[in-house]
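Undergrad: Turn this into a structure:
(2 chains)
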There are 2 protein chains.
Amino acid sequence: MSTPWPFLYPVLILIISFLCQASGIHLPSKNGAHYLGNFKSSSKTFSLVANSRAPKYQYETKYFQQKLDHFSFADLPSFPQRYLINTQHWVGPSRLGPIFLYCGNEGDIEWFASNTGFVWEIAPRFGAMVIFPEHRYYGESMPHGSKEEAYKNATTLSYLTAEQAIADYAVLITELKRNLSAHACPVVLFGGSYGGMLAAWMRLKYPHISIGALASSAPVLQFEDLVPSETFYNIVSNDFRRESISCFNTIKESWDVINKVGQINGGLAQLTKTFHICRELESVDDLSNWLDSAYSYLAMANYPYPTDFLMPLPGSPIKEVCRKVDSLPDGSSVLQRIFEGISVYYNYTGKVDCFNLDDDPHGMSGWDWQACTEMIMPMASNRTTSMFPEFRYDPKSDEEQCLKEFNVKPRPTWITTEFGGHAFKSALKAFGSNIIFSNGLLDPWSGGSVLEDVSETIVALITEKGAHHLDLRAATAEDPDWLLDQRSREIKLISEWLDEYYDEKKATFSM
Amino acid sequence: MSTPWPFLYPVLILIISFLCQASGIHLPSKNGAHYLGNFKSSSKTFSLVANSRAPKYQYETKYFQQKLDHFSFADLPSFPQRYLINTQHWVGPSRLGPIFLYCGNEGDIEWFASNTGFVWEIAPRFGAMVIFPEHRYYGESMPHGSKEEAYKNATTLSYLTAEQAIADYAVLITELKRNLSAHACPVVLFGGSYGGMLAAWMRLKYPHISIGALASSAPVLQFEDLVPSETFYNIVSNDFRRESISCFNTIKESWDVINKVGQINGGLAQLTKTFHICRELESVDDLSNWLDSAYSYLAMANYPYPTDFLMPLPGSPIKEVCRKVDSLPDGSSVLQRIFEGISVYYNYTGKVDCFNLDDDPHGMSGWDWQACTEMIMPMASNRTTSMFPEFRYDPKSDEEQCLKEFNVKPRPTWITTEFGGHAFKSALKAFGSNIIFSNGLLDPWSGGSVLEDVSETIVALITEKGAHHLDLRAATAEDPDWLLDQRSREIKLISEWLDEYYDEKKATFSM
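TA: Numbering: from 1, shown residues only, chains lettered A, B, ... in the order given. Next comes the predicted model:
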């Protein structure tokens, strides 16, 4: 492949890959809030309608005035941070009732709350309070009064950073405990994906605030050269290869076919028709971008049972995609196979007539900004190990793009300086305790996480067949044994953290 | 005492007490830089001329461009951070030569470098590089191009915080190691007083960057209600009482006498004459302020041998003050005794004809700002245990004063949220290693430090007769055994940290 595909530029890939989680953009509507997945290369036609029903779990919605910059004394306006709270099962301060705090990530907090059943389900047995604070600049937690103002430019966006978000959580929980006279109540952190990174980092940076953290699918090592930059796409590719070599090969072959067709006269029209795109394609890149997103999402959401977290999907969706790709009669074209496969992702319900690829290339989603500032996760694809076209990580071009899009210069070495790079694991070993890094190896983000025990109390819980923070989802009747086992080990570890804490406090605590 | 004395307002006291360290304000002069101690309630007449000679230790002076705000992406101008570096004894990256980093505190870094002989003296035996980075907003490390611009108002000053300073050190050392291909070289942190707080906090917040910290006389617990707010003045008072009860009583009595004399007709003139003040006193508070400062400094600098760290002083200066106070003939007035005593501090050389109390109450020294923003250390004085007049800690009045002086509102709970409060020690115990908290119990700041071992590797090294970070000073022929012992224990612990690190690295390292 000689053509570098713009859609594969790492920053974009990151935006795309993470947006599957971020997704929740709050659109106020007259008949109640509802949440629309606003995926790159997607459109309303096939965007995710998560829940217009009442939330799955019971909580109060509250607001806390946060400082915009915790680390300076610049005279800046404060903003209301939304948090969801449930104290129904909390045994209270006198019995040192635990506080379970989910570190909100890059999206509407209600969306994360409703997709993190594990925390809600285990809270009662621990007599725990549950809190889901929202990440600044997402959902309703908007500085400067509105999303429009907050996302106006680099100046208004400049306080959208992980460190500020973690400090928000630290200040919120400290104040909350003060108000409840609950300063001795132990806090356990939870988080998935970017939220898992925040949970691990918060445990590291604020050890006085929590007694432990469950960091699920948290790619804390996906920075600089800590892991090979091909890792993500290799895992996506392997997820397909393990289902079917021919499926893997068909996808691998398809990029050249698409490119060739795109170059002939009338080729874009032909691709438009083959893939049922509503409006005629302007470039093959738009199409490739759209396909790449789907494969990455499928790998992340490759859950063993049907879900509608990202999109309505069957169980083991990659198996289903490959079944479609492989089962067309002999003589079917590569493109026809790809279309059938991808429809499992974009049109599982069968209700979509045509796909609308329009998106707003200058749309300022929060993760776009974060991926252009500090969350610089190098991505590449290697033709020998991946089913994706070859591309190198090109920081220069990323920087140019970020300057163009946001007028901001990425700081690719900041996260490793602030939270640890090559020395991350050895620092944790010598100077840390009580962190669970849980991962499912089907998840392409698992390659950038901690996959081996760091010490006796900083442990890796791995499932071979798990996908993106599957362990944090609510229990279902279809949960396989290995998932039940992973969750019960998590519960056991959390119990041990609490027991140790109570032992130290010499508090009598009986449920 | 019914009159609350303005000079005893905690913030002012802090400014005063810390300024003895901060002191160094760089006055460019045509014949080379020289450093003038600019103490509160002092003047050029008796200010400290530290060194117009060449620096005591050999180093290169370099500059590193730092971001003004590490925790946001606001488009702010960078500034040159000065650092002193010596690689003469460094055994280099191939032998994993250690890096000794002194966390610069609130003053000119050359001043700290020349008063921290311990680091320079032990570096050769460890084959260590020595670095003294300067704290932002002090010395030559001025944002906005000049001290005048940097100190202009609350906006320009807003990035003068401990967290930003620690991040400066983290970024500097990371970049430096990158440039030297020395990423595996272990870093040991050092710091005294506020610099010791920074060293301990940096070890806590950036465990991946250093392998241990020696935090000398670091009052990390002098916040909120972690220690009684009377602690500081009780220790100063005890330092006098242990030398002489009558001396203690004379000082305790003197405040009322001064107040009474000040209230009579011509009383201020009389006080002016008694205390050899150059310009007639405008209030008794100015005088009391001046005396209070001296007692506090004397307690901090109550070293066993003559020094000229704060002022030229005899060894055990409080003993000398009390000898003067007590030795006047019977019938001498309280004020005469006080004057003789205080002259040991302000005029030990005997060269001062009169004392100039003028200072600039609106002068914006960096510590003024820090004490009005995040370094909120409650101070009070209790008439039954202290020789100072009674006063309560009054956060409201502090806040008013800070709003008036800087247009900034203190955040009294921020430091404990960011670095740990009541849970500081237990968090360190469970989540930390390799910190030495060294203290001399004569030092009034020792009461706010960590005075007992927290764990096997987070240890307190106490000397009964030590004063403010005496252990960090250069060795002298007069060093008492207990000081030699303290330093040798520090060296042993640092060696152990390094050995453990090397063992883990399985590096062959022989000097």
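Undergrad: Which secondary structure state does residue A:164 sit in?
TA: With DSSP: H, G, I helix; E, B strand; the rest coil as the basis, residue A:164 sits in helix.
Undergrad: And it, how far from residue B:73?
TA: 10 Å (CB to CB, to the nearest Å). In short, each C-beta sits where N, CA and C put it, glycine included.
Undergrad: Then residue A:186?
TA: For residue A:186, the distance to residue B:73 - CB to CB - is 34 Å.
Undergrad: Up against chain B, what does the stretch 351-500 of chain A have?
TA: By CB under 8 Å from any CB of the partner chain, the residues of the stretch 351-500 of chain A that approach chain B are A:373-374, A:407-408, A:411, A:413-414, A:416-424, A:426-428, A:430-434.
Undergrad: Please pick the buried ones from those.
TA: By neighbour count, with 16 or more other CB atoms under 10 Å in any protein chain shown, those hold A:373-374, A:408, A:411, A:413-414, A:416-421, A:423-424, A:426-428, A:430-434 as buried.
Undergrad: Looking at residue A:186 and residue B:73, which has the bigger crowd around it?
TA: residue B:73 (26 against 22; other CB atoms under 10 Å in any protein chain shown).
Undergrad: in which helix or strand would I find the more buried one?
TA: Per DSSP states H and E: residue B:73 is located in neither a helix nor a strand.
Undergrad: ok, it to chain A distance?
TA: Residue B:73 sits 4 Å away from chain A, taking CB to the nearest CB, to the nearest Å as the criterion.
Undergrad: tell me the contacts of that residue?
TA: Residues near residue B:73 by CB atoms under 8 Å, 6 or more residues apart in numbering or on different chains: A:154, A:157-158, A:161, A:373-374, A:408, A:411.
Undergrad: where along the stretch 51-200 of chain A do the strands fall?
TA: A:60-66, A:79-86, A:99-102, A:129-133, A:187-192 (DSSP state E, counting those that start in this stretch).
Undergrad: do chain A as well
TA: Using DSSP state E, the strands of chain A run over A:24-27, A:34-37, A:60-66, A:79-86, A:99-102, A:129-133, A:187-192, A:212-216, A:435-440, A:458-463.
Undergrad: residues contacting residue A:120?
TA: Going by CB under 8 Å, 6+ apart, residue A:120 touches A:56-57, A:86, A:113, A:130, A:474.
Undergrad: quick one: contacts for residue A:182?
TA: Counting by CB under 8 Å, 6+ apart, residue A:182 makes contact with A:92-93, A:97, A:99, A:176.
Undergrad: State the distance from residue A:311 to chain B.
TA: Using CB to the nearest CB, residue A:311 is found at 33 Å from chain B.
Undergrad: okay, now that residue: neighbour count?
TA: The burial count for residue A:311: 24, using other CB under 10 Å.
Undergrad: isn't it right next to residue A:344, touching?
TA: No: using CB atoms under 8 Å, residue A:311 is not in contact with residue A:344, being 9.5 Å away.
Undergrad: can I assume residue A:444 is in contact with residue A:240?
TA: No: Residue A:444 is beyond contact range of residue A:240, at 11.2 Å (criterion: CB under 8 Å).
Undergrad: shared neighbours of these two, anything?
TA: residue A:299.
Undergrad: Give me the pLDDT value at the nearest residue to residue A:403 once chain neighbours are set aside.
TA: Sequence neighbours aside, residue A:409 is the residue nearest to residue A:403 in space, at 6.3 Å (criterion: CB to CB, 6 or more residues apart in numbering or on different chains). Looking at residue A:409, its pLDDT stands at 95.
Undergrad: With residue A:232 instead?
TA: Per the predicted model, pLDDT is 97 at residue A:232.
Undergrad: Can you get me a residue count around residue A:92?
TA: The burial count for residue A:92: 14, using other CB under 10 Å.
Undergrad: excluding its backbone neighbours, what's nearest it?
TA: residue A:182 (7.7 Å).
Undergrad: now the one you found: how far from chain B?
TA: Here residue A:182 is placed at a distance of 12 Å from chain B (CB to the nearest CB).
Undergrad: Repeat that for residue A:88.
TA: In terms of CB to the nearest CB, residue A:88 sits 26 Å off from chain B.
Undergrad: Any idea how many residues pack against the closest residue to that residue other than its chain neighbours?
TA: Leaving aside its chain neighbours, residue A:88 sits nearest to residue A:58 (6.8 Å; criterion: CB to CB, 6+ apart). Neighbour count for residue A:58, taken as other CB under 10 Å: 11.
Undergrad: Contacts only, for the closest residue to residue A:101 other than its chain neighbours.
TA: Distances taken as CB to CB, 6+ apart put residue A:131 closest to residue A:101, at 4.9 Å, once the chain neighbours are dropped. Counting by CB under 8 Å, 6+ apart, residue A:131 makes contact with A:83-85, A:99-102, A:172-173, A:176.
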